[in-house]
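Student: Give the three-dimensional model of this entry:
(one chain, ligands or ions: 2)
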Amino acid sequence: MVKICCIGAGYVGGPTMAVIALKCPKIEVVVVDIFEPRIIAWNSDQLPIYEPGLDDVVKQCRGKNLFFSKDVEKHVAEADIVFVSVNTPTKTQGLGAGKAADLTYWESAARMIADVSKSDKIVVEKSTVPVKTAEAIEKILTHNSKGINFQILSNPEFLAEGTAIQDLFKPDRVLIGGRETPEGQKAIQALKDVYAHWVPAERIICTNLWSAELSKLAANAFLAQRISSVNAMSALCEATGADVSQVSHAIGKDTRIGPKFLNASVGFGGSCFQKDILNLVYICECNGLTEVANYWKQVVQVNEYQKTRFVNRVVSSMFNTVSGKKIAILGFAFKKDTGDTRETPAIGVCRGLLGDKAILSIYDPQVPQEQIQRDLSMHKSELDKPPHLRPVSAIAIEQVTCVRDAYEATKGAHGICVLTEWDEFKTLDYQKIYNDMQKPAFVFDGRNVMDVDKLRQIGFIVYSIGKPLDAWLKDMPAVA
Ligand SMILES: NC(=O)c1ccc[n+]([C@@H]2O[C@H](COP(=O)([O-])OP(=O)(O)OC[C@H]3O[C@@H](n4cnc5c(N)ncnc54)[C@H](O)[C@@H]3O)[C@@H](O)[C@H]2O)c1
Ligand SMILES: O=c1ccn([C@@H]2O[C@H](COP(=O)(O)OP(=O)(O)O[C@H]3O[C@H](CO)[C@@H](O)[C@H](O)[C@H]3O)[C@@H](O)[C@H]2O)c(=O)[nH]1
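Tutor: Ligands and ions are numbered 1, 2, ... in the order given. Below is the predicted model of the structure:
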């Protein structure tokens, strides 16, 4: 029986390994992590991450051929294939701080593999890493190998949170990069055989190591670039009376452009886009490609601009101050169907409003209060650390309360900011909400999911990103 061990039981390691176990009943899969509470949660009824369909998959194979363990060294030693799916956040200190990927967790995992291995292994880069990481990892493994043969493969993951299970069941492609030697090709074939249990052969792409590593960064840069492009257009739409949804629809009909990833928003979030683009920028700079670095840097800068623009709209619409005013925040996760808040635009928007002394009442169906308080009070460099390395207590922010439903959040509020596109926000009783709010009552839709005409009929003053402005908002222009 082939044995797989995956180091890192996070958003990627957990779901990907659960799907491999489900689709390959003859393979034993063990997911290991040094953060014990996560392992305990994976072995309980309350999984550590919220992901539609995940519970079902885990229930079908946990205890049969899928296991979660904190016994990292034992399972690595026994495995034929070791996936490394540890976090690779942006470096916060030292050379490349603020841009380069922090490979501390990766390096310590590689050293541990070298230390405990007693048999040949295929080591698979699942984490998103800088180009040429495989070369560095090879050096660590071979310098400590005691005659053991390690083959390194790059197999970046393309799942998106909220749709992880369907993305894993039907991936657009699986990418495997390896050495162009006979041993390298044999290792590629072994990993291909795993995916071939459910992925059609034409969707499994094999490349050299560096193409696979770079393709992952390139894919995220291209996706994020589309969002920044449409968000940049949204500012121009507001200035000219064009409607960004109509523009997106019109350009997306061009089959060369396509309709996806053209939704204007308060900005992209998530643990990947910003980190991976900054990593790409750093790699370009290290290779002396200043113009290329500046091109990609602009994608992140437009994203920051979009968040600032949103905050400025809120404040300027409300007579240029939100001091002491209750603002309801609907949605805190970086997108719907996840409880993940890493790099969520809600953090920037809330901090901006708190900076103008607003009183925030926050509701998100999947994000617990402690997480929101921690996100708003911690320094960014602390948030990038894995949970077990973060300071234990975060100072609660007095101006913030987290509540259990949207009605409580909006009661007595002056304005509502919709920051995540949760489906339940579309079907709320907005007449009741309006009746219970201060007047004039504002809605700032950061996701373009509200029925604007209906809200205006009720009496709300509504701002939607990239849409023709209410007369009220035209008179109160925001300076970005
Ligand atoms: N989150 C996504 O949607 C997504 C999608 C594609 C790729 N990625 C990439 O996958 C990687 C993992 O992302 P994630 O979101 O799953 O991260 P995560 O923080 O949720 O999980 C990483 C886990 O690795 C564990 N870990 C760190 N060092 C370890 C070690 N030495 N031994 C054992 N466990 C260790 C941590 O405790 C943590 O639980 C990153 O490189 C990320 O860029 C993420
Ligand atoms: O038209 C759009 C599409 C997305 N977003 C925002 O962009 C962010 C990222 O969304 P999405 O890409 O759906 O989620 P992620 O889980 O971050 O997935 C991205 O990052 C992963 C980690 O690398 C990759 O594996 C995925 O392929 C890639 O889509 C979220 O804040 C979305 O709200 C928009 O604002 N407009």
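Student: Leu103: what's it in contact with?
Tutor: By C-beta atoms under 8 Å, 6 or more residues apart in numbering, the residues touching Leu103 are 88, 129-130, 133, 136. (C-beta placed from N, C-alpha, C; glycine too.)
Student: Return the subset of those lying in strands.
Tutor: With strands taken from DSSP state E, there is no overlap with the contacts of Leu103.
Student: Which residue comes closest to Tyr105 once chain neighbours are left out?
Tutor: Val86 (4.1 Å; C-beta to C-beta, 6 or more residues apart in numbering).
Student: neighbours of that neighbour, just the number please.
Tutor: Neighbour count for Val86, taken as other C-beta atoms under 10 Å: 25.
Student: And it, how far from Val31?
Tutor: Look at Val86 and Val31: by C-beta to C-beta, to the nearest Å, they are 12 Å apart.
Student: thinking again about what came up before, check what pLDDT the residue nearest to Tyr105 gets.
Tutor: Here, the pLDDT recorded for Val86 equals 97.
Student: now do Asp470
Tutor: 88.
Student: and it, what is it in contact with?
Tutor: By C-beta under 8 Å, 6+ apart, the neighbours of Asp470 are 456, 461-463.
Student: just the buried members of those?
Tutor: By neighbour count, with 16 or more other C-beta atoms under 10 Å, those hold 461-463 as buried.
Student: returning to what we had before: from the contacts of Asp470, which land in helices?
Tutor: Arg456 (DSSP state H).
Student: Check whether stretch 13-32 comes near ligand 2.
Tutor: No - using C-beta under 6 Å from any ligand atom, stretch 13-32 never reaches ligand 2; the gap is at least 10.7 Å.
Student: Tell me the buried residues in that stretch?
Tutor: 13-24, 27-32.
Student: Off-centre distance for that stretch?
Tutor: Taking C-alpha atoms, centre = their mean, to the nearest Å, one finds stretch 13-32 lying 22 Å from the centre of the chain it belongs to.
Student: So which residues of the stretch 51-200 of the chain form strands?
Tutor: Counting by DSSP state E, counting those that start in this stretch, the stretch 51-200 of the chain has strands at residues 66-69, 81-84, 121-125, 150-154, 174-178.
Student: Which strands border the third one, and is each parallel or antiparallel?
Tutor: In this case it means strand 121-125. strand 81-84 (parallel), strand 150-154 (parallel) (DSSP bridges).
Student: can you redo these as a markdown table with mean neighbour count and distance to Gly415?
Tutor: Formatted as a markdown table, the strands paired with strand 121-125 follow (neighbours: other C-beta atoms under 10 Å; distance: least, C-beta to C-beta, whole Å):
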| stretch | mean neighbour count | distance to Gly415 |
| --- | --- | --- |
| strand 81-84 | 25 | 45 |
| strand 150-154 | 24 | 47 |
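Student: Export the ones you listed as CSV, with columns for distance to Ala190.
Tutor: Below are these laid out as CSV (distance: least, C-beta to C-beta, whole Å):
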stretch, distance to Ala190
strand 81-84, 7
strand 150-154, 9
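Student: So for ligand 2, which of those strands sits nearest?
Tutor: Comparing those by their distance to ligand 2 (C-beta to the nearest ligand atom), the top pick is strand 150-154, with 13.9 Å.
Student: CA atoms only: put the closest one into PDB for me.
Tutor: C-alpha atoms of strand 150-154 as PDB (Å, rounded to 0.1, in the frame of the first residue of the first chain):
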ATOM      1  CA  PHE A 150      14.900  12.100  -2.500                       C
ATOM      2  CA  GLN A 151      13.000  13.300  -5.600                       C
ATOM      3  CA  ILE A 152      11.500  16.800  -5.400                       C
ATOM      4  CA  LEU A 153       8.300  17.600  -7.300                       C
ATOM      5  CA  SER A 154       6.400  20.900  -7.500                       C
END
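Student: Check whether that strand comes into contact with ligand 1.
Tutor: No - residues of strand 150-154 contacting ligand 1 under C-beta under 6 Å from any ligand atom: none, with a closest distance of 11.9 Å.
Student: Leaving out sequence neighbours, find the closest residue to Leu66.
Tutor: Here the residue nearest Leu66, using C-beta to C-beta, 6+ apart, is Ala21, at 3.7 Å.
Student: how close does that neighbour sit to ligand 1?
Tutor: Distance, Ala21 to ligand 1, by C-beta to the nearest ligand atom, to the nearest Å: 17 Å.
Student: try Ala264
Tutor: 22 Å.
Student: just the helices in the stretch 251-400 of the chain please.
Tutor: Ranges of helices in the stretch 251-400 of the chain, per DSSP state H, counting those that start in this stretch, are 273-286, 290-317, 345-355, 369-377, 380-383.
Student: With mean neighbour count and mean pLDDT added, can I get the ones you listed in a markdown table?
Tutor: Formatted as a markdown table, the helices of the stretch 251-400 of the chain follow (neighbours: other C-beta atoms under 10 Å; pLDDT from 0 to 100):
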| stretch | mean neighbour count | mean pLDDT |
| --- | --- | --- |
| helix 273-286 | 22 | 97 |
| helix 290-317 | 19 | 97 |
| helix 345-355 | 21 | 96 |
| helix 369-377 | 19 | 93 |
| helix 380-383 | 14 | 64 |
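Student: Most distant residue from the centre of the protein?
Tutor: Here the chain reaches farthest from its C-alpha mean at Gly147, the gap being 39.3 Å by C-alpha atoms, centre = their mean.
Student: possible to save the buried ones among the contacts of Asp470 as TSV with pLDDT and distance to Ala239?
Tutor: Formatted as TSV, those follow (pLDDT from 0 to 100; distance: C-beta to C-beta, whole Å):
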residue	pLDDT	distance to Ala239
Ile461	97	19
Val462	97	18
Tyr463	97	14
